[in-house]
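Asker: predicted structure and sequence below. I'll ask about it afterward.
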Amino acid sequence: MEFHTLTVSDVEKLTDDSVAVTLEVPDDLTEVFAYEAGQHITLRTVIDGHDVRRSYSICSGARSGELRVGVRRLDGGVFSTWATTALHPGMTLDAMEPVGEFILPAATGPRHVAAIAAGSGITPILSILGTVLAGEPDSRCTLVFGNRTASSIMFLEELEGLKDRYTDRFHMVHILSREPNANPMFSGRIDRGKLNGLFDSLIDPLAVDEWYLCGPYDVLLTAQTVLSDRGVRPDRVHDELFFAGPLDASSLPPEPASPGGFATVTFTLDGRASVVKVDPAGPSILDHALGVRGELPFSCKGGACATCKARLIQGHIRMDKNWALVPQEIEAGLILTCQSHPTTDTVVLDYDV
């Protein structure tokens, strides 16, 4: 994958701390930036002399003809702070082609697609639900959406527009953690009690064909657990983590004994092989390899976006975290190099996957 320079055509303020950024795609890059609902792109710019890149989910519908992402400002977030305060139409951003497996399976008939989202986790969900509602006239959608307050809800007007346009096919439930409600089911955080109450009274989880979960780890884990307890098949549940957060060292496997000091890692990118010495107990393979090839693909460095994925050809590694690769990809030998450390003397990787 490579970066392409795109012009910003619009920066729309959504809330006090979030914006929607629309990018112009020239005719000769239309196929490169064709995407499926739920995918994301990596954006890159230079801020204060530093190469800064982040991965953002596409919020526009797959059939809309737009390339639009949602950005929420995070405490200490270099890119998100800049994007929500300084970015304006006419500026340019470097963008990689869309990627990601948080997508819709092909429709075989009318279906019920439901989502549980929290905060900026609505970004890919908006694309998925909008695509279903616009393109499948006999399908219906349900959204359970958690936020702090009504004023903090990203894409509120667009969601209300979908609700008005598809009255009989789109059901939306807001849960606000910092605003009281006469019905306690709709006030507070999304937790087991809230979800079980919704499933008992409003939503039959077994009548949903595809479940989509997107938000912080605690929301995903809670939703996964409740759906599993309710008998929902794992293959009907799709999830994407937002805000991977700092690495919890207590959750990692024990450090392996260093196999004779530094390991030799050979990796191929764009058909050219390079070699780097990697300390198995030190930074990730990606961090070491960037010292040799600065053009290596990466974005979040948190194990959540898969931009840095490569195929393991030889040797063995351990991954600290994986929020991006599905089981089939792992079985095919794919790894996240931002989370990987060698456990054998020699490792061979191929980024040209």
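Answerer: Perfect, thanks for sending it. Residues are numbered from 1 along each chain as shown.

Asker: let me see the ranges of the helices in this structure.
Answerer: Secondary structure of the chain (DSSP state H): helices at 78-85, 122-135, 156-165, 192-201, 217-229, 285-290, 327-331.

Asker: wait, what's in contact with residue 209?
Answerer: Residue 209 makes contact with 111, 112, 113, 236 under the criterion Cβ atoms under 8 Å, 6 or more residues apart in numbering. Where C-beta positions appear, they are placed from N, C-alpha and C, glycine not excepted.

Asker: using a markdown table, lay out the residues you listed together with neighbour count.
Answerer: Formatted as a markdown table, those follow (neighbours: other Cβ atoms under 10 Å):
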| residue | neighbour count |
| --- | --- |
| 111 | 17 |
| 112 | 18 |
| 113 | 23 |
| 236 | 16 |
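
Asker: nearest to residue 146 among the residues you listed?
Answerer: Nearest to residue 146 among the contacts of residue 209 is residue 113, at 18.2 Å by Cβ to Cβ.

Asker: the closest one reaches residue 103, doesn't it?
Answerer: No. Using Cβ atoms under 8 Å, residue 113 is not in contact with residue 103, being 11.8 Å away.

Asker: which neighbours do those two share?
Answerer: Jointly contacting residue 113 and residue 103 under the rule Cβ under 8 Å, 6+ apart are residue 128.

Asker: re earlier: do you know which of the helices of the chain lies nearest residue 97?
Answerer: Residue 97 sits nearest to helix 122-135 of all those, at 16.0 Å, using Cβ to Cβ.

Asker: how about that closest one as PDB, C-alpha atoms only?
Answerer: Listed next in PDB are the C-alpha coordinates belonging to helix 122-135 (Å, rounded to 0.1, in the frame of the first residue of the first chain):
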ATOM      1  CA  ILE A 122     -20.500   5.300  15.600                       C
ATOM      2  CA  THR A 123     -18.200   6.200  12.700                       C
ATOM      3  CA  PRO A 124     -18.100   2.900  10.800                       C
ATOM      4  CA  ILE A 125     -21.500   1.900  12.100                       C
ATOM      5  CA  LEU A 126     -23.000   5.000  10.400                       C
ATOM      6  CA  SER A 127     -21.600   3.800   7.100                       C
ATOM      7  CA  ILE A 128     -22.800   0.200   7.600                       C
ATOM      8  CA  LEU A 129     -26.300   1.100   8.600                       C
ATOM      9  CA  GLY A 130     -26.700   3.800   6.000                       C
ATOM     10  CA  THR A 131     -25.500   1.400   3.300                       C
ATOM     11  CA  VAL A 132     -28.000  -1.300   4.400                       C
ATOM     12  CA  LEU A 133     -31.000   1.100   4.600                       C
ATOM     13  CA  ALA A 134     -30.300   2.800   1.300                       C
ATOM     14  CA  GLY A 135     -29.400  -0.300  -0.700                       C
END
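
Asker: what residues are up against residue 61?
Answerer: 37, 127, 130, 131, 134.

Asker: which among those count as buried?
Answerer: Buried members of the contacts of residue 61, counted by 16 or more other Cβ atoms under 10 Å: 37, 127, 130, 131.

Asker: for burial, what's the neighbour tally of the residue nearest to residue 96 when sequence neighbours are not counted?
Answerer: Using Cβ to Cβ, 6 or more residues apart in numbering and skipping residues adjacent in sequence, the residue nearest residue 96 is residue 42, 4.3 Å away. Counted with other Cβ atoms under 10 Å, the neighbours of residue 42 add up to 23.
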